[in-house]
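>>> sequence-free structure coming up:
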Ligand SMILES: NC(=O)c1ccc[n+]([C@@H]2O[C@H](COP(=O)([O-])OP(=O)(O)OC[C@H]3O[C@@H](n4cnc5c(N)ncnc54)[C@H](O)[C@@H]3O)[C@@H](O)[C@H]2O)c1
């Protein structure tokens, strides 16, 4: 397949490239420069013309772009970027879109008091945190497009991504409290990338709707969240169970 990746030059991007590069033709895009053997050019997710141009000839769009802090830019990238991506999909007849974000796009602060088997199809309550809210708007924009266009959007939600070997979380900082505690929603980089790879193979017409949201993370003993849907519909199985993190160290 010809696969366009928006925001390919971030932390998750290289893992997704590794998971896809042997079987797919990749077109990587981001706002900055990237040394790569794959086709690469700059494309601003917030710029409709650039996204439409980037999507020409593609079969799939994967959106890894994100801007977490600045109010205007967060809206432009996380929400408007989805509008641009879906417009590009319509324009080029692309039927498969994989969008990404953090779990609190769905299960924001109001879910903190609920503590068992929260799935991705609960009523979405992102709260007012800029990152969650703008990503949630983006997800809703994608969903609305699927009501009137034959496009399937799979929204894959992650949280604390880490490397089980080095114990590093994003930006290379070591994870705190190894053997003592773990954020109740954690996944390895390679398993997150593998879920995105699985989304390229899903038989779309077998999905319950053209807009489906997935929580993606391994089984964690407290079972606060459920990734059952990702396993069932994406056919994804995590390789890294992360038990070295949640098993308590002997004192
Ligand atoms: N890293 C995590 O722990 C984490 C946790 C939860 C969810 N996610 C989700 O995973 C996806 C990838 O995250 P990441 O960790 O790679 O983020 P990142 O911040 O490392 O990378 C994001 C990329 O988006 C690019 N970008 C920013 N503005 C852009 C624009 N206008 N146009 C195009 N690209 C732009 C950045 O240059 C960067 O390369 C995101 O959807 C994010 O919400 C990541």
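Looks like it arrived, so ask away. Note that the structure is a prediction, hence the values are computed from the model and not measured.

>>> residues in contact with the residue in the stretch 1-150 of the chain that the ligand sits nearest to?
Taking C-beta to the nearest ligand atom as the measure, the stretch 1-150 of the chain has residue 10 as its residue closest to the ligand, at 1.8 Å. For every residue, glycine as well, the C-beta is placed using N, CA and C. Residues in contact with residue 10 (C-beta atoms under 8 Å, 6 or more residues apart in numbering) are 30, 64-66.

>>> And it, how far from residue 145?
To residue 145, residue 10 is 24 Å away according to C-beta to C-beta, to the nearest Å.

>>> what do you get for residue 73?
22 Å.

>>> Those two: who's more crowded?
Neighbour count, other C-beta atoms under 10 Å: between residue 73 and residue 145, residue 145 has more, with 21 against 13.

>>> what's the nearest residue to the more buried one once chain neighbours are set aside in contact with, if anything?
Nearest-residue entry for residue 145: residue 86, 4.0 Å, with adjacent residues in sequence omitted and distances by C-beta to C-beta, 6 or more residues apart in numbering. Applying C-beta under 8 Å, 6+ apart, we find residue 86 in contact with 97, 141-142, 145, 149, 151, 153.

>>> Using a markdown table, please lay out those residues together with distance to the ligand.
Formatted as a markdown table, the contacts of residue 86 follow (distance: C-beta to the nearest ligand atom, whole Å):
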| residue | distance to the ligand |
| --- | --- |
| 97 | 13 |
| 141 | 14 |
| 142 | 12 |
| 145 | 18 |
| 149 | 22 |
| 151 | 18 |
| 153 | 13 |
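
>>> Are any of those buried, and if so which?
Buried by 16 or more other C-beta atoms under 10 Å: 97, 141-142, 145, 151, 153, out of the contacts of residue 86.

>>> Narrow those residues to those in helices?
Those of the buried ones among the contacts of residue 86 mapping onto helices are 141-142, 145, per DSSP state H.

>>> In a markdown table, list these along with pLDDT.
Converted to a markdown table, those look like this (pLDDT from 0 to 100):
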| residue | pLDDT |
| --- | --- |
| 141 | 98 |
| 142 | 98 |
| 145 | 98 |
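
>>> contacts for stretch 126-134?
Against stretch 126-134 from outside (C-beta under 8 Å, 6+ apart): 66, 68-69, 71, 74-75, 77-79, 102, 104-106, 108-110, 135-136.

>>> before we move on, which element is residue 133 in?
For residue 133, the element it lies in under DSSP states H and E is helix 130-148.

>>> Report the buried residues of that helix.
The neighbour-count check on helix 130-148 (16+ other C-beta under 10 Å) flags 131-143, 145-146 as buried.

>>> Also stretch 113-128?
So, applying 16+ other C-beta under 10 Å, buried residues of stretch 113-128: 118-120, 122, 124, 126.

>>> Distance from that stretch to the middle of the chain?
Relative to the centre of its chain, stretch 113-128 is centred 17 Å away, using C-alpha atoms, centre = their mean, to the nearest Å.

>>> mean confidence for that stretch?
Throughout stretch 113-128, pLDDT has a mean value of 92.

>>> Now residue 41: closest residue in space that isn't a chain neighbour?
Distances taken as C-beta to C-beta, 6+ apart put residue 29 closest to residue 41, at 6.1 Å, once the chain neighbours are dropped.

>>> just checking, that neighbour is part of a strand?
Yes: secondary structure assignment places residue 29 in a strand (DSSP: H, G, I helix; E, B strand; the rest coil).
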